[in-house]
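K.L.:
sequence below, structure please.
(2 chains)
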Amino acid sequence: MSPMQTLFPNIDWPEIGQACVDTLLMLGGSLLFTLVLGLPLGIWLFLSARGQLHSRPKLYSALSLVVNVLRSIPFIILMILLIPLTQAITGVSIGIRGAIVPLVIGAAPFFARLVETALREVERGVIEASQAMGATTMQIVTRVLLPEARPGLIAATTVTAVALVGYTAMGGIVGAGGLGALAYQYGYNGYKPDYMLVTVALLVVLVQILQSLGDRLVLRYTRR
Amino acid sequence: MIRFAAASKSYRVEGALVPALEPVDLTIERGEVFGIIGHSGAGKSTMLRLINLLERPTAGQVFIENRDVTHAEGADLRRLRAGIGMIFQHFNLLSSRTVADNVAFPLRLHGGMSDAEIAARVDELLSLVGLTAHARKFPAQLSGGQKQRVGIARALASKPSILLCDEATSALDPQTTASVLELLADINRRLNLTVVLITHEMDVIRRVCDRVAVLDAGRVVEVGDVADVFLHPQHPTTRRFVAEADHREGRGPEFPGVDGRLFRLSFRGDATYSPLLSRVVRDTGIEYNLLSGRVDRIKDTPYGQLTLAMNGERLEDALAQIRAAGVDIEEVAR
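P.N.:
Modelled structure (predicted):
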């Protein structure tokens, strides 16, 4: 027996490989849609808050409520609640595609809040100066707020990506596939500690890579 | 030309209207450097922002070049703002962009210029403010004075006819303040730009302004040529500002133990440097004692203000001669 087989007697390495691919696909797909939905939502939250560029306190309260409700529902419950929606959008309720819908609905409000916070860090004076130069709100968003808040937005993306890794692992419980599913099925239910060890180790490595990549980009774009 | 016509501003604070600026009627002429001085909370920042409508008047109107702009909106408002440059106490540069890109920012906002045209204009502006060597740097790598120069270059980029300065030198050390003020005065002369600046320092007003308005608790309490206001302040607030500029705050005018009557002589222009006093003394035989004084410049005009104790039989003659030479005399009560 090779040392690998001695240390990890139960592990089917090709299956682990497939699970890695599944996790990365789920993460990539859900992160993409989370950014696409969460960024505009975060900008909208920022602009509509009291005293901001497009102050609409009632709209802000409504958006804020929706975001808070979605953030307070435990992800596992959200997944089950969203099955009909998932089916309507993707045609399936399980697997990678089935997982992406609840992942996005769970993470986008979280990301939107982080975006709002990052935009609030942009100095008011810089926004005022842009207004004084005759910038439109759209120009202020694209040319002032987003570039000025870039380090904060990258940090927000990193935190969201790491949170999504956790969510994908939970998705495994309802048959979404990926490393989390293996950890649960074989490692926890099947009493195979080596599966647990390997999958968790791989998840740790993934989170480490995401975090250090994010930190490096934040540093690269910080000009203060 | 900028004209305030009974323009006022109130803010709603917890349901109640709190006045920030009482109705003001004032005209700022084209090409002049106009200063607005007041303590913090006096309403000067509000008044400045009424000009480019960062604040809307609650009542009254604001005219720019004889056009009522009070209700300008949308593209019209943005065009109007493009014609009014503004610089700030804390510079408000984009930290994520280089010096050159900060200066190019307003040019790119409004479109209509090619990249080559923008680059040429940026070069021209950076050399005007003396920052050509720093074009590729980011604001965080610059000193305060350099940042304000970037701010000035950016404000001038779209060739405005008006430049608003919001406490532009308040965050700078005295030496840097002097060089920034010199730059503003130079720009005003060369480009025939109307400059409106707000400050809480009379010294800033004295160095660059032609006219000044004094704000106190939301009210314009005094307006006039800087020399008049500086040499003959009427309102208590103005007097306090002038005293601060002369570093004699808290000291009364009385000089115990000094003989004779006290007079304050205000010289202006060429009279400042003429040997008037010695001639009068020779002619009339009076005696004088110099108690305090200052000889300096208000923008480009020399001035002097001396407090003298005077004695002698022909005192009235002497006073008449001094008056005849165009020097203002006020008797100081003791």
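
K.L.:
show me where the stretch 51-200 of chain B has strands.
P.N.:
Secondary structure of the stretch 51-200 of chain B (DSSP state E, counting those that start in this stretch): strands at B:59-64, B:67-68, B:84-88, B:162-166, B:194-199.

K.L.:
direction included, what does the second one pair up with?
P.N.:
In this case it means strand B:67-68. According to DSSP bridges, strand B:67-68 forms sheet pairs with strand B:59-64 (antiparallel).

K.L.:
with only the CA atoms kept, save the partner strand in PDB.
P.N.:
Output of strand B:59-64 as PDB, limited to C-alpha atoms (Å, rounded to 0.1, in the frame of the first residue of the first chain):
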ATOM      1  CA  ALA B  59     -36.100  82.600  -0.300                       C
ATOM      2  CA  GLY B  60     -34.800  85.300  -2.600                       C
ATOM      3  CA  GLN B  61     -32.700  84.900  -5.700                       C
ATOM      4  CA  VAL B  62     -29.200  84.500  -7.000                       C
ATOM      5  CA  PHE B  63     -28.100  86.100 -10.300                       C
ATOM      6  CA  ILE B  64     -25.000  85.200 -12.200                       C
END
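
K.L.:
run through the neighbouring helices and strands of the helix of greatest length in chain A.
P.N.:
In chain A, taking DSSP state H as the definition, the longest helix is helix A:13-48. For helix A:13-48, the elements it packs on are helix A:57-72, helix A:95-120, helix A:150-171, helix A:179-182, helix A:193-221, judged by 3 or more Cβ pairs under 8 Å, 6 or more residues apart in numbering or on different chains; DSSP states H and E. The way it works is simple: take the backbone N, C-alpha and C, and place the C-beta from them, glycine included.

K.L.:
those: which one's closest to chain B?
P.N.:
helix A:150-171 (6.3 Å; Cβ to the nearest Cβ).

K.L.:
for the closest one, packing partners?
P.N.:
helix A:13-48, helix A:75-81, helix A:95-120, helix A:179-182, helix A:193-221.

K.L.:
in JSON lines: those helices, plus distance to residue A:88, mean pLDDT and mean neighbour count.
P.N.:
Below are the helices and strands packed on helix A:150-171 laid out as JSON lines (distance: least, Cβ to Cβ, whole Å; pLDDT from 0 to 100; neighbours: other Cβ atoms under 10 Å in any protein chain shown):
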{"stretch": "helix A:13-48", "distance to residue A:88": "16", "mean pLDDT": "93", "mean neighbour count": "19"}
{"stretch": "helix A:75-81", "distance to residue A:88": "13", "mean pLDDT": "86", "mean neighbour count": "16"}
{"stretch": "helix A:95-120", "distance to residue A:88": "9", "mean pLDDT": "92", "mean neighbour count": "23"}
{"stretch": "helix A:179-182", "distance to residue A:88": "24", "mean pLDDT": "82", "mean neighbour count": "27"}
{"stretch": "helix A:193-221", "distance to residue A:88": "31", "mean pLDDT": "92", "mean neighbour count": "15"}
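
K.L.:
where does the prediction get shaky in the stretch 51-200 of chain B?
P.N.:
Nowhere does the stretch 51-200 of chain B drop to pLDDT under 70.

K.L.:
residue contacts, residue A:151?
P.N.:
A:218, A:221, A:222 (Cβ atoms under 8 Å, 6 or more residues apart in numbering or on different chains).

K.L.:
ok so, going back, export the strands of the stretch 51-200 of chain B to TSV and tack on mean neighbour count and distance to residue B:322?
P.N.:
Shown next, in TSV, are the strands of the stretch 51-200 of chain B (neighbours: other Cβ atoms under 10 Å in any protein chain shown; distance: least, Cβ to Cβ, whole Å):
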stretch	mean neighbour count	distance to residue B:322
strand B:59-64	17	44
strand B:67-68	12	48
strand B:84-88	26	43
strand B:162-166	24	38
strand B:194-199	25	33
